[in-house]
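*Asks:* Build the 3D model from these lines:
(one chain, ligands or ions: 1)
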Amino acid sequence: MTRDLYREDSYLKSCEATVTSVTELGIETDQTVFYPLGGGQLGDTGKLTLADGTEITITDTRKDRESGQEYHVVEDPAAVTVGDKVTLTLDWERRYSLMRFHSCLHMLCSLIDAPVTSGSIQVDRARLDFDLQDPIDKEPITVALNELVERDIPMSSRYITDAELDAQPELVRTMSVQPPRNAQGTIRLVEFEGVDLQPCGGTHVASTAEIGRVLIKKVEKKGKQNRRITLVFD
Ligand SMILES: [Zn+2]
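*Replies:* This is a model prediction of the structure:
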């Protein structure tokens, strides 16, 4: 199993690692700072550097949901051998945008009292779909989001057991995304103090001021009971 350093510290930009498996899917290492696609957040990109200085571009990071295996996607995995000592370096600017958007979606979640049906975090925009019939006004939500940003609310994370989560089903906001349960039978909770608390395996900023000013770009009606809210950095 890969040790997920991004979960302990989402601000780590690179790490040393040892290659533990190479398949046509990609390269697995003993530890990584690369977040694998999941929970609506894109997989990380960046580079892998071999001991001789050769640089290999990582175009995506994926996780096999059944085996739990995480792998870095590269064009030619055969260029790397099991046992190689490598350096993994994130495309930090891209990842930081994803972190800011992910935290912002948690803020959006806290403002709208309806179940989330799906979500997506891209490099230049993010969206959430709500199971909601009523129309939504862009302006007041933009104002409320920027107020939460200005309040600079700190983020913290902790783990609870499966049984504790099952006893509090109201914590699960996103119907299409399963809570990030792990092999130890625990689930990570992400909390923005006093504003939002929910199970989440994604990467976040340390406090909401880092999100910066945001703007609701559009609200679309997707089906009779679905409102899609897309936001961008202002
Ligand atoms: Zn999340």
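
*Asks:* Up against the ion, what does this structure have?
*Replies:* 200, 202 (CB under 5 Å from the ion). (Each C-beta comes from the backbone N, C-alpha and C, glycine too.)

*Asks:* need the contact list for the residue of the chain found nearest the ion.
*Replies:* Of all residues in the chain, Cys200 sits closest to the ion, at 3.2 Å by CB to the ion. For Cys200, the contact set (CB atoms under 8 Å, 6 or more residues apart in numbering) comprises 39, 102, 106, 180, 188-190.

*Asks:* elements contacting the lowest-mean-pLDDT helix or strand in the chain?
*Replies:* Scoring the helices and strands of the chain by mean pLDDT, DSSP states H and E places helix 162-166 at the bottom, with a mean of 83. Using 3 or more CB pairs under 8 Å, 6 or more residues apart in numbering; DSSP states H and E, the elements in contact with helix 162-166 are strand 186-192.

*Asks:* same for the strand it packs on, what does it pack against?
*Replies:* helix 92-111, strand 155-161, helix 162-166, strand 196-199.

*Asks:* Could you report the neighbour count for Val219?
*Replies:* 16 (other CB atoms under 10 Å).

*Asks:* and it, helix, strand or coil?
*Replies:* strand (DSSP: H, G, I helix; E, B strand; the rest coil).

*Asks:* ok so, going back, and the least confident helix or strand of the chain, how far from the chain's centre?
*Replies:* With CA atoms, centre = their mean, to the nearest Å as the basis, helix 162-166 stands 22 Å off its chain's centre.

*Asks:* buried set for that helix?
*Replies:* Leu165 (16 or more other CB atoms under 10 Å).

*Asks:* tell me the domain boundaries of this protein?
*Replies:* 3-90, 95-233 (automatic domain parsing).

*Asks:* Any idea how far apart the tips of the shortest one sit?
*Replies:* Using CA to CA, to the nearest Å, the end-to-end distance of domain 3-90 comes out at 16 Å.

*Asks:* Looking at it now, give me its mean pLDDT.
*Replies:* Domain 3-90 carries an average pLDDT of 96.

*Asks:* Likewise for stretch 193-205?
*Replies:* Here the average pLDDT along stretch 193-205 is 93.

*Asks:* Val82: how many residues sit nearby?
*Replies:* Neighbour tally, Val82, other CB under 10 Å: 11.

*Asks:* Show me what the closest residue to it other than its chain neighbours is bridged to.
*Replies:* In space, not counting the residues next to it along the chain, Val82 is nearest to Val19; the distance is 5.4 Å by CB to CB, 6 or more residues apart in numbering. For Val19, the residues forming beta bridges with it (DSSP bridges) are Thr29.

*Asks:* I'd guessed Val19 sits against Thr81; true?
*Replies:* Yes: counting by CB atoms under 8 Å, Val19 touches Thr81, with 6.7 Å between them.

*Asks:* Would you list the phi and psi of the residue nearest to the spatial centre of the chain?
*Replies:* Among the residues of the chain, Gly202 comes closest to the average C-alpha position under CA atoms, centre = their mean, at 3.1 Å. Phi and psi for Gly202, reported as degrees, to the nearest 10, are phi -80, psi -180.

*Asks:* Looking at Val19 and Thr81, which has the bigger crowd around it?
*Replies:* Neighbours were counted for Val19 and for Thr81 using other CB under 10 Å; Val19 has more, 20 against 11.

*Asks:* Can you give me the distance of the residue lying farthest from the centre of the chain to Cys15?
*Replies:* Distance from the C-alpha centroid of the chain peaks at Asp52, with 32.2 Å (CA atoms, centre = their mean). Separation of Asp52 from Cys15 (CB to CB, to the nearest Å): 19 Å.
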